[in-house]
Structures are given as structure tokens and as C-alpha cells.
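[1] What shape does this take:
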Amino acid sequence: MSKANRYSPEVRERAVRMVFEHEREYSSQWSAMCSIAKKIGCTPETLRSWVRRAETDQGRRSGQTTEDRERLKALEKENRELKRANEILRTASAFFAQAELDRRLK
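    All right, here's what the predicted structure looks like:
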């Protein structure tokens, strides 16, 4: 299993929900994360990144949401594909223009 997908989305969501529900029982959010991370078997830093992403997605924290990141990624991919298609069309146009000139000279 790849490192990025080691934990299922359900486990991630449950861990984040546990942090939000139980953070008041601890002296800080970080201590809640450390405790909960031990229980689910991940590092506190991993859980912290999940919590920060959830806070951003919920509007609790400023930053780019997951939805925005995915949309930007899709637009960048589409942009690369369009640039590649334009380059192919430009090359083909030059080829056919040269072929037309060669045909007229004969």
C-alpha cells in the first residue's frame, strides 16, 4: 500500500472528528492530536495535517480548500493538453504550408 493511501478516508475522517470532539478535554489541540494519533496508529504530525486540511475545508482556517486544489489541478492538466494540441496544430500547419509551396513550384 502506498504511503499516501495508508489510511482509509473513513479512518482519517473519524480521527479528525475525534480531535474536534475531544480537544476541549486536553490542554491544547496538539495534546489531543498526540493522544488520538497513538490510538489510530499514525504520527501526530500526520493527524495535524489532516486536521488543518479539514479546518481549511470547513472555513475555520484560511487557505486553499481541497475542492479548489482539485479544480486547479484539473485546469492545469487541461492547459497542458491544450498547449500540446496547439503545438501539434502549429507543426502540422507549417508542414502543410510547406507542402503547398513545394507543389506550386513544380
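[2] ok, the residue lying closest to residue 61 once chain neighbours are set aside to residue 98 distance?
    Spatial nearest neighbour of residue 61, excluding adjacent residues (CB to CB, 6 or more residues apart in numbering): residue 55 at 4.0 Å. For the C-beta atoms, the positions are set from N, CA and C on the backbone; glycine is no exception. Separation of residue 55 from residue 98 (CB to CB, to the nearest Å): 58 Å.
[3] Look at those two and report which has more neighbours.
    Between residue 55 and residue 98, residue 55 has the larger neighbour count (other CB atoms under 10 Å), namely 17 against 10.
[4] Quickly find the element holding that one.
    In the assignment (DSSP states H and E), residue 55 maps to helix 44-57.
[5] What residues of that helix count as buried?
    44, 46, 47, 48, 50, 51, 53, 54, 55, 56, 57 (16 or more other CB atoms under 10 Å).
[6] Return the backbone torsion pair for the nearest residue to residue 56 once chain neighbours are set aside.
    Nearest non-adjacent residue to residue 56, counting by CB to CB, 6+ apart: residue 63, 4.3 Å away. When read as degrees, to the nearest 10, the backbone of residue 63 gives phi 140, psi -180.
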